[in-house]
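J.: Provided below are the primary sequence and the corresponding predicted coordinates.
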Amino acid sequence: MNVLIFLKNKSTSILYGGTERVIWYLGKELNKMGHSVTFLVNEGSYCDFAKVIIYNPNLSLESQIPEYIDIVHINDDYFTEEISKPLVVTIHGNTENSSLHPNSIFVSKNHASRYNSDNFVHNGLDWDAYKKPDLASRRDSFHFLGNAAWKVKNVKGAINIIKKSKTEKLAVMGGTRWHPNTFTVNNRISFLGMVDDTKKAEVMSKSKGLLFPVTWHEPFGLAITESLFYGCPVFGSTFGSLPELVSKDVGFLSSSEDELVDAISNSENFSKEKCSSYAVEEFNSKKMAIRYLEKYETVLNKKSLIKR
């Protein structure tokens, strides 16, 4: 099968790249399965396993799709253009687009249900590309991972949980101390800014758990699966996909800060091995690619993915 993957961004990202990372690993898995992958992405992209076409925003998408392509995989929450090739559209965020394509695919069951759909594929990662977790390492603090300046990620909630605890510490990855949504002078809170994969692995390998008290309906949350991979249980709110991804065996969810404070005091009750194996088994890129292939086949057989 000849698959074109379209994304209005670079195909790789060093310091950030939730969607970019997922799509890269999807293409890599499809290639390993014997499919031909072409990325249609922004200038500055490269790929060592697939052909890359640089997207020109001044031209129609239709005109930039090679004739040999069998199916087009769009990654654009606001895609509305008509094209003649068979296509699927992955919706990665909480879009306000009222004209979603019938072949839209969401990234969690909860995400899909909020758009009156039952069509979803969980994000998966290539865990072989990550530094191997040291599950025997000493754990001395908790961590927050995400765009801390974004109010709905609720780093302030994570900070409050730590402040209410007696001695716990928090390392914030993805933000600085001086932003209005993150500011604190508490010396038990450290801010690491934007971090690369090496630093992220180092911090999570020493973390007791992820604090993730988001105040919006999180579509998926790669911070959750990456943290679990490194043996970190998840302590978060009950919004969006969290109840779907975080079982009682690998974390604790509550809308109460006080309950979360109590929960983190017992973080050692969670098995680091169980957290890691759960991430590897349930949220890997091969499983994701197989599920997308099922969607591709449905569309190629001239069937719609729309909920009936």
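T.: Received it, and whenever you're ready, just let me know what you need. Numbers count the residues shown, from 1 in each chain.

J.: Show the residue spans covered by the strands in the stretch 151-300 of the chain.
T.: 170-173, 189-193, 207-212, 234-236, 251-253 (DSSP state E, counting those that start in this stretch).

J.: quick one, what contacts residue 229?
T.: Neighbouring residues of residue 229 by Cβ atoms under 8 Å, 6 or more residues apart in numbering: 125, 127, 130, 133, 275, 276, 279, 280. For every residue, glycine as well, the C-beta is placed using N, CA and C.

J.: Would you mind measuring from the first one to residue 22?
T.: Put plainly, it is residue 125. Here the criterion is Cβ to Cβ, to the nearest Å. By it, residue 125 lies 7 Å from residue 22.

J.: more crowded one of the two?
T.: Neighbour count, other Cβ atoms under 10 Å: between residue 125 and residue 22, residue 22 has more, with 25 against 21.

J.: Do I have it right that that one meets residue 222?
T.: Yes. Residue 22 lies in contact with residue 222 (Cβ atoms under 8 Å); the separation is 7.4 Å.

J.: overlap in contacts of these two?
T.: With Cβ under 8 Å, 6+ apart as the test, residue 22 and residue 222 both reach 123, 125.

J.: where does this protein have low pLDDT?
T.: Along the chain, segments meeting pLDDT under 70 span 9-17, 178, 180-183, 307-308.

J.: Tell me which stretches of it form helices.
T.: Taking DSSP state H, the helices of the chain run over residues 18-32, 109-113, 155-164, 197-204, 222-229, 242-245, 257-264, 272-282, 285-300.

J.: Of all those, which one is nearest residue 43?
T.: helix 18-32 (14.2 Å; Cβ to Cβ).

J.: Going by neighbour count, which residues in that closest one are buried?
T.: The neighbour-count check on helix 18-32 (16 or more other Cβ atoms under 10 Å) flags 18-31 as buried.

J.: For the residue nearest in space to the middle of the chain, which non-adjacent residue is spatially closest?
T.: Nearest to the mean C-alpha position of the chain, counting by Cα atoms, centre = their mean, stands residue 222 at 3.0 Å. Nearest residue to residue 222 in three dimensions, chain neighbours excluded: residue 18, at 5.1 Å (Cβ to Cβ, 6 or more residues apart in numbering).

J.: Quick check: the gap between the one you found and residue 2.
T.: Distance from residue 18 to residue 2, by Cβ to Cβ: 26 Å.

J.: Repeat that for residue 234.
T.: Distance, residue 234 to residue 2, using Cβ to Cβ: 38 Å.

J.: higher neighbour count, those two?
T.: residue 234 (24 against 15).

J.: Where does the record place the domain boundaries for this protein?
T.: 2-126+284-300, 128-282 (automatic domain parsing).

J.: Those into TSV, with extra columns for distance to residue 306?
T.: Below are the domains of the chain laid out as TSV (distance: least, Cβ to Cβ, whole Å):
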stretch	distance to residue 306
domain 2-126+284-300	4
domain 128-282	19
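
J.: ok, residue 201 - contacts?
T.: 130, 131, 133, 230.

J.: Roughly how far does the first one sit from residue 1?
T.: This means residue 130. From residue 130 to residue 1 the distance is 28 Å (Cβ to Cβ).

J.: Thank you kindly, that will do.
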